[in-house]
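J.: Fold the following and give me the result.
(chains A, B, C and D)
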There are 4 protein chains.
Amino acid sequence: MTPFETTVRVRYAETDAMGVVHHASYFVWLEYARVEWLKSCGLDYKKLEQSGFFLPVVEANLKYHASSFFDDEVRIKLTPPQDIQRVRFTLTYELFRDNTRIADGKTVHVFLNKDRKLIKPPPFFIEALRK
Amino acid sequence: MTPFETTVRVRYAETDAMGVVHHASYFVWLEYARVEWLKSCGLDYKKLEQSGFFLPVVEANLKYHASSFFDDEVRIKLTPPQDIQRVRFTLTYELFRDNTRIADGKTVHVFLNKDRKLIKPPPFFIEALRK
Amino acid sequence: MTPFETTVRVRYAETDAMGVVHHASYFVWLEYARVEWLKSCGLDYKKLEQSGFFLPVVEANLKYHASSFFDDEVRIKLTPPQDIQRVRFTLTYELFRDNTRIADGKTVHVFLNKDRKLIKPPPFFIEALRK
Amino acid sequence: MTPFETTVRVRYAETDAMGVVHHASYFVWLEYARVEWLKSCGLDYKKLEQSGFFLPVVEANLKYHASSFFDDEVRIKLTPPQDIQRVRFTLTYELFRDNTRIADGKTVHVFLNKDRKLIKPPPFFIEALRK
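T.: Numbers count the residues shown, from 1 in each chain, chains lettered A, B, ... in the order given. So this is what the prediction gives:
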C-alpha cells in the first residue's frame, strides 16, 4: 500500500514552556493522520465506530529528532502495513518540518467489536485498504 | 451551601510557549474541582453517569488576573449555588497561587437524562447538596 | 472591521467520555481562529512574539448551545472589535456545525511588551487591523 | 536506584469518545511522575530549567494492556536508569489500576544547556540520583 501524507498547523496550545511543541501533542497529530488516511481509503472512522468497530491504539512510539514550534506546518507521512490481515497492524510515521525529519514512530492497533472484544479486521476493511 | 476547596499541581503539559499555563488548561482544573466537590457531597460523578445522569457544561467563563506557572500549587475555591432546584445551576470559582487570586469564573450546568434530554435535578442530587 | 471565518476538523483527542467534544477544546479552536484572523490581516503572531509583543487572554467565555462530535467540520466566525485602540480588546466568536450555531463567546486580550508589561496596541497593529 | 511510585486521578478531559482514557493522556502522566520522582531525589525540575538545564524527551513509548477510565486512580511505577552518567538516559514505567497492569513503557531523555546544546548530565544531577 502506498504511503499517505497530510499536514497539521501547530497550535499555540500544543506548545509548552520550553517554547516547543510538547511531546504528547505529536500523538494527537498521528491520530489525525490516521483518520485522514482512512478517509483516503474510503473509510470513515466515525462510521466505523457507529457500526461497532473500534481501532484502539495498543502501542505508541515516537523518536524526536528536532523540535517543532508554534505555527509550523508539520507534514506527516503515514506508511500502511504490508499485511493488514493480522489481528494487530502497525502504522509507521515520519514527521517533517520543511525538509527536516523532526520525528518518526509507529502506532500498533487492534480491531474491537461493539462489545470491545478482539476480532480480526473485517473483510470490507481489508478490501478498502488494498485498493 | 459551604464553599469547597481543592488544589492542583501545574503539569508541564499545561504550560505554553509564553512560559505560563495555557488559558484552556484552567477549565480542566475547574472540572476536576467539580468532581471532587461532588465527592465531598457524597456524589460520585462516574456513578451519576452510569445511572444515566449527565451534567454538561453549558457556559464557561474565566477572568485571568495573574499567570500561573509549571509546578505551582493552585488552590481552587468552588462556591455552590444558593438554589440547586432550577434546571440550570451555576458554580463560581476563585483560583489562588499562594495568596494571589490568579483567576475567577463560573460554569453553568444542566441535567440531562440517559437520552440526553433536559431534566430537573433529581431529588437525590438536591438532597446530597443540601447536607 | 469585517468578520473572519475559518474551520477546524474535530480530532478524536478533543472528545470526551460523553461522546462529544470536551468544552475546553473549544477554547483551543478560538485561539487557532485568532491566529488565522491575524494572518488574514497580514500579522504573523509568531513574529509578533519574536518582536516582543504578546497578546494573552485575560478573559474567555463560551456558551454551548449544541454538542459537536468527532470529525465534525466546525466553522468559526470571529468578529473583530470596533475599536482596537484601547488597552483591552474583545473578539467575539460564533461556532457552527453545518447551519447549527453550536456555541458563541468572546475572548478579551491585552498587549504586553517583552517584559510582560501592559502596553497600548502598537501603531502597526492598529494599522494592520484597519485595512 | 530504587523505583519511585506516585498516583494520578483520571480527569474527565483525559477521556475520549471511546469512553476510556485517550492514549496521549498517559504521556502527560509519565511526565508528572518524572517531576515527582526528581523531587523525591531533591531535584526541582522548575529550578533545573531556571538554572539553564533542560531534560527533553527524545523518545516516548507506551504499550497499552487494558483501558483506564474517568476517576480511576492510576498508580505509576517509575524505574530510574542503572547508569545515569551517559548522555542519554532511559526511564521505564509501569501503570496500574488496582492490581491490573494497564500499560508500560519508557521515555528517553537528554540533557540540554541554556543554549539548548547537548551536554553530559551535570555532577549535581548524578549525585542527587545516586543518593
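J.: burial of the closest residue to residue A:41 other than its chain neighbours, as a residue count?
T.: In space, residue A:41 comes closest to residue A:128 once its chain neighbours are excluded; the distance is 4.8 Å by CB to CB, 6 or more residues apart in numbering or on different chains. From N, CA and C alone the C-beta is placed, and that goes for glycine too. Applying other CB atoms under 10 Å in any protein chain shown, we find 14 residues neighbouring residue A:128.
J.: isn't residue A:128 right up against residue A:44?
T.: No. Applying CB atoms under 8 Å as the test, residue A:128 and residue A:44 come out as separate, 10.3 Å apart.
J.: re earlier: and the residue nearest to residue A:41, its phi and psi?
T.: Dihedral angles of residue A:128 (phi, psi; degrees, to the nearest 10) stand at phi -60, psi -40.
J.: tell me the contacts of it?
T.: Residues in contact with residue A:128 (CB atoms under 8 Å, 6 or more residues apart in numbering or on different chains) are A:41, A:42, A:43.
J.: per-residue confidence for it?
T.: Note on residue A:128: pLDDT of 91.
J.: Next one: it from chain C, what distance?
T.: Using CB to the nearest CB, to the nearest Å, residue A:128 is found at 17 Å from chain C.
J.: Look up how far residue A:48 lies from that residue.
T.: The spacing between residue A:128 and residue A:48, counted by CB to CB, to the nearest Å, is 10 Å.
J.: ok, now residue A:81?
T.: Residue A:81 is 17 Å from residue A:48, by CB to CB.
J.: quick revisit: return the member of the contacts of residue A:128 nearest to chain D.
T.: Taking CB to the nearest CB as the measure, residue A:43 is the one of these closest to chain D, at 17.1 Å.
J.: near chain C, which residues of chain A?
T.: A:9, A:11-13, A:28, A:31-32, A:35, A:44-46, A:49, A:69-71 (CB under 8 Å from any CB of the partner chain).
J.: If any of those residues are buried, give me the PyMOL selection for them.
T.: In PyMOL syntax, the buried subset of the residues of chain A next to chain C is picked out as below (16 or more other CB atoms under 10 Å in any protein chain shown):
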select buried, chain A and resi 11+12+13+28+31+32+35+45+46+49+70+71
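J.: now, which of the residues of chain A next to chain C sits nearest chain D?
T.: When the residues of chain A next to chain C are compared for distance to chain D (CB to the nearest CB), residue A:28 wins out at 5.4 Å.
J.: for chain A, longest helix please?
T.: helix A:25-40 (DSSP state H).
J.: now the lowest-mean-pLDDT helix or strand in chain A and helix A:25-40, what's the angle there?
T.: None of the helices or strands of chain A scores lower by mean pLDDT, DSSP states H and E than helix A:123-130, at a mean of 90. When axes from the mean of the first three to the mean of the last three CA atoms, to 10 degrees is applied, the directions of helix A:123-130 and helix A:25-40 differ by 100 degrees.
J.: So for helix A:123-130, what gets flagged as buried?
T.: Neighbour count says helix A:123-130 has A:125, A:129 buried, by 16+ other CB under 10 Å.
J.: show me what contacts residue A:120?
T.: Residue A:120 touches A:85, A:87, A:111, counting by CB under 8 Å, 6+ apart.
J.: near chain B, which of those residues show up?
T.: Okay, of the contacts of residue A:120, nothing touches chain B (CB under 8 Å from any CB).
J.: Now for the residue sitting furthest away from the middle of chain A: which residues touch it?
T.: In chain A, the residue that sits farthest from the middle, by CA atoms, centre = their mean, is residue A:17; the gap is 25.9 Å. Contact partners of residue A:17, counting by CB under 8 Å, 6+ apart, are B:12, B:15, B:16, B:17, B:19, B:20, B:69, B:70, D:49.
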